[in-house]
Each structure stands twice: as C-alpha cells, then as structure tokens.
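>>> Structure for this input, please:
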Amino acid sequence: MKTAIWLYMFLFLAFFDLHAQYPILTPFAVSLGAAPVFIGWMMGIYALTHLPGNLIAGTVIDKHGSRRYIIFSLVSAGIVLLLQSQIHYPWQLLLLRSISGFVLAFLSPACLALLASLSSDKVTQGKLMSGHGVVHTLASVVSPAAGAFIVAKAGYSATFQSLGWLLIATGVMAVFSIPRTLHQTAHSAAHPDGETAQAVPAFPVPWRIYILPFVMSCSQGILFFELPLRSVGMDGIMSTGILFSIMSIGALVTLSMLFVNRYSPFKRVLGGLLLLAVCFYCLAAIQSIPLTVALFILGTAKGIIFPAMASLFIQLSGGNKLGRVFSLQSIAMSIGSFIGPIAAGQLRTFISPYFIAFILLMIGLMMLPTSRKPGSLLSPT
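Numbering: from 1, shown residues only. Okay, here's the model as predicted:
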C-alpha cells in the first residue's frame, strides 16, 4: 500500500504537468507562426513517436520491472520541456514534441503494470485501477486552468520551465521511493500458480479489443486539437483551460460512483463509449446545447471508460504479461492520437471534426463482439 501511495503521488504530479500543457500548446504554436495543418502534425507526431517507445516498453518492463522506466520517462520529459522553453521556430517545437512522445511512451504501461502487480486479487486490482483513474482525473481538473493561468501571468517560457523542473523533481523522488526489487513482486503476481513465462500465451488479450483504446484516443486527439482553436490570445487560453477542467470534473463525478464497479468492465466500456459518441454528435450538430454541459457529460463518459478499460485488460490477460498488454494498449492509443488531430487539421474546412469523432466511436462500437457464449466478454462478472 505504501508503494501505491507513492505511485499515486508521482502519477498526480506527472499528469498535472502533462495536462497543464493541453490549453497551451496550440496557442504557443500559433505564436511561433504555425498553421492549423502544421499544428495537427505537431500534435500527431507526439503520438507517432510513442509507437517505438511502446514496442520497446512491453518487453523491457516485463523483464526489468517498472521502476527504471518511470524514472527515465519523468526526468527525460522534464529536460525536453526545459529545452522547449527556449525555442523560436515551429520546426523546433515539432522536433521536441517527437522526442517527448518517445520518452513518455514508457510511463503509462510502466505505471499500470506496476499498479496491477501490487496484488493478484482481481477486486484489489480493480480498486487500484480506479485509484489510478481518480488521481488522473484530479490532476486534470486543476492542471489545464492552472497551466493557462501561469501562461497568462508569466508567459510561455516560464511556464514550460516550471513544468519541466516539476517533472525532473518527480523523477528524482521516484528514485528514492520505488523499491528496486518491485519487478520480482510483479513477476510473482503475474504467475500466481508458479507457471513459467513460457507457458503464458504470447498475446493473452484478443486483438479485436484494442479497437477500444484506439477510438478513445482518436476522439480525444480531435477534441484536444479542435477545442483550443475556438479562440486565441490569453483570454482564449484561460477559457480553454476552464473547459478542460469542467470535462475533468465530469469524469471525477463518475469515478466517485463506486457502485459502478459492480458491473462488468466490458459493459461499462460499451456504455461509456456510447455516451461519448452521443456527446460528440451533440458538439457537431446540436449547437443549442451549452458547450460546458456537453463537455461535462463527455467527462462523465471518460470517467466510466478508463478504469473499466484497464480492469478489462487485466481480466482478459489473467494477470499475465502486463507490460506487453498495457504497452499494446498504449500503442493503440498512440495510433489514435496520431490520426485524430491530423484528420481534424486536414478535414475541418469540409466537415466538423467532432462528427469525425462520432463516426469513429460508432464504428468502434459496431466492431466489438456481442455474443453471450460461455467465456465471452459479455458474461457477467
């Protein structure tokens, strides 16, 4: 439990740092002279360079444990932000975002595998995943508005410097707080019956299920691209930061409804995706609905989906090869995050990007299995 508390604190600081950049990056790129299409590529390249990092992370985390890769991601990302505070040209931002995408590719699978390895009990693992969602959401509630406020008071350079030093300090704290032998505990939790690694299937999770993180991240990438373009300038940055915080408050509401965890993770994911698709349709086609209301409901859908998705992957994998399982999840999310903003930047003059997100989410829902055969995903838990 002590390790979980430390990890939650590291996750909070890391998520705070990362989410604080969401309302900042697009206006910052505009201030450097970047066009909307370039901004789409700037956001997409971050996800594209996630892919090689995720491919490496799956193997090395299972082999060496999560500790060293959490530290590497936090410190390296902090250094990149310090460099980002000194740039003057759009191509420099593109380069640094690509580096940041690679080094941060290790953080999410390492943290999720570490949390899941702290217990072999499915109920406890579900609670740990819910705690991960709560910490993530709490950070995302305050960080967008905080990042926008810092930019309004201190400017872009000072903001990136402060966020960079925060990540570096978090990485240094992780050096002294995460036990070096924790990956041995992860190994025993992944093989509770004493099975050898060779006896575990290479891909314990059906490939078809990875459509879930793909469509989720693709729709999120579209939202993170489109929402800041509503307005520019300091007033626009502040309002965008507040809107992101409202969405996170919605997620916090559903994360606090502990009775939701009684239902099957797969059913929770399906229900959340359907609600998310409806929200994007409203953003695209029903202008009479206030933006704050739509984003709040969208946040409630995210609060249902993310912990349920993590629990679903643990359930389907049986606790085996968690590093590979979560790295493949991150790969699917990286591909979606790459496609989403690029598609939005290319097509926003022809069709609402929010409608593109709606179509993708509905396609994802239709591609998922719905049979009730024994052992199927829809069987009650």
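>>> From R324, how far out is the closest residue to V175 other than its chain neighbours?
Distances taken as Cβ to Cβ, 6 or more residues apart in numbering put I71 closest to V175, at 5.8 Å, once the chain neighbours are dropped. No exception for glycine: its C-beta is placed from N, CA and C like everyone else's. For I71, the distance to R324 (Cβ to Cβ, to the nearest Å) stands at 21 Å.
>>> Quick check on those two: which one has the bigger neighbour count.
R324 (24 against 21; other Cβ atoms under 10 Å).
>>> List the buried residues of the helix or strand containing the residue nearest to V175.
Assessed by DSSP states H and E, I71 sits inside helix 67-84. For helix 67-84, the neighbour count (16 or more other Cβ atoms under 10 Å) marks 67-82, 84 as buried.
>>> what's that helix packed up against?
helix 2-19, helix 50-64, helix 90-103, helix 107-117, helix 156-177 (3 or more Cβ pairs under 8 Å, 6 or more residues apart in numbering; DSSP states H and E).
>>> for the stretch 151-300 of the chain, what are the low-confidence residue spans?
For the stretch 151-300 of the chain, applying pLDDT under 70 flags the ranges 180-205, 230-238, 258.
>>> Kindly recompute the last result at 90.
Along the stretch 151-300 of the chain, the parts satisfying pLDDT under 90 run over 151-160, 162-164, 166-167, 169-213, 215-217, 219-272, 282-295, 299-300.
>>> and L316, how far is that from L11?
With Cβ to Cβ as the criterion, L316 and L11 are 23 Å apart.
>>> can you tell me how far the nearest residue to W41 once chain neighbours are set aside sits from L48?
Computed as Cβ to Cβ, 6+ apart, the closest residue to W41 that is not its neighbour in sequence is I342, at 6.2 Å. Distance, I342 to L48, using Cβ to Cβ: 9 Å.
>>> Same drill for the two, tell me which one is more crowded.
Between I342 and L48, counted using other Cβ under 10 Å, the more crowded position is I342 (23 against 19).
>>> so the more buried one touches G44, yeah?
Yes: counting by Cβ atoms under 8 Å, G44 is a contact partner of I342 at 4.3 Å.
>>> average pLDDT across stretch 339-358?
Mean pLDDT, computed over stretch 339-358, is 84.
>>> To clarify, my last question referred to stretch 113-133.
Across stretch 113-133, the per-residue pLDDT values average to 70.
>>> For it, measure first residue to last.
Distance between the boundary residues of stretch 113-133 (Cα to Cα, to the nearest Å) amounts to 14 Å.
>>> Now do the contacts for T137.
248, 251-252, 255, 303 (Cβ atoms under 8 Å, 6 or more residues apart in numbering).
>>> quick one: which of those residues sit in helices?
Using DSSP state H, 248, 251-252, 255, 303 are the members of the contacts of T137 that sit in helices.
>>> so L104 makes contact with V75?
No: checked against Cβ under 8 Å, the pair L104 and V75 is beyond contact range at 11.3 Å.
>>> circling back to that earlier point, and L298, which of the helices and strands packed on helix 67-84 is closest to it?
Closest approach to L298 among the helices and strands packed on helix 67-84 is made by helix 2-19 (15.3 Å; Cβ to Cβ).
>>> and the angle for the closest one with helix 90-103?
Counting by axes from the mean of the first three to the mean of the last three Cα atoms, to 10 degrees, helix 2-19 points 160 degrees away from the direction of helix 90-103.
>>> which SS class is W41?
For W41, the assignment made with DSSP: H, G, I helix; E, B strand; the rest coil gives helix.
>>> For it, give its distance to Q21.
17 Å.
>>> Kindly report the same for V134.
21 Å.
>>> Which one of those two is surrounded by more residues?
Q21 (21 against 18).
>>> how about the more buried one, what does it touch?
If you count contacts by Cβ under 8 Å, 6+ apart, then Q21 has 147, 163 around it.
>>> same thing but at 10 Å, please
Residues near Q21 by Cβ atoms under 10 Å, 6 or more residues apart in numbering: 28, 81, 84, 100, 143-144, 147, 151, 159-160, 163, 224.
>>> Return the per-residue confidence for it.
pLDDT at Q21 comes out at 77.
>>> try I79
93.
>>> surely it meets I168?
Yes: look at I79 against I168 with Cβ atoms under 10 Å: they come within range, at 7.0 Å.
>>> Output the below-cut-off pLDDT ranges for the stretch 1-150 of the chain.
For the stretch 1-150 of the chain (pLDDT under 90), the answer is 1-74, 77, 85-94, 97-98, 100-150.
>>> how near is V293 to M362?
With distances taken as Cβ to Cβ, V293 is found 21 Å from M362.
>>> ok, now K153?
From K153 to M362 the distance is 42 Å (Cβ to Cβ).
>>> go on, T349?
On the measure of Cβ to Cβ, T349 and M362 end up 23 Å apart.
>>> Those two: which has the busier surroundings?
For T349 versus M362, neighbours defined as other Cβ under 10 Å are more numerous around M362 (17 against 7).
>>> Check which helices and strands the helix or strand hosting the more buried one sits against.
Applying DSSP H and E as the criterion places M362 in helix 353-367. Contacts defined by 3 or more Cβ pairs under 10 Å, 6 or more residues apart in numbering; DSSP states H and E place helix 353-367 against helix 211-226, helix 265-285, helix 322-347.
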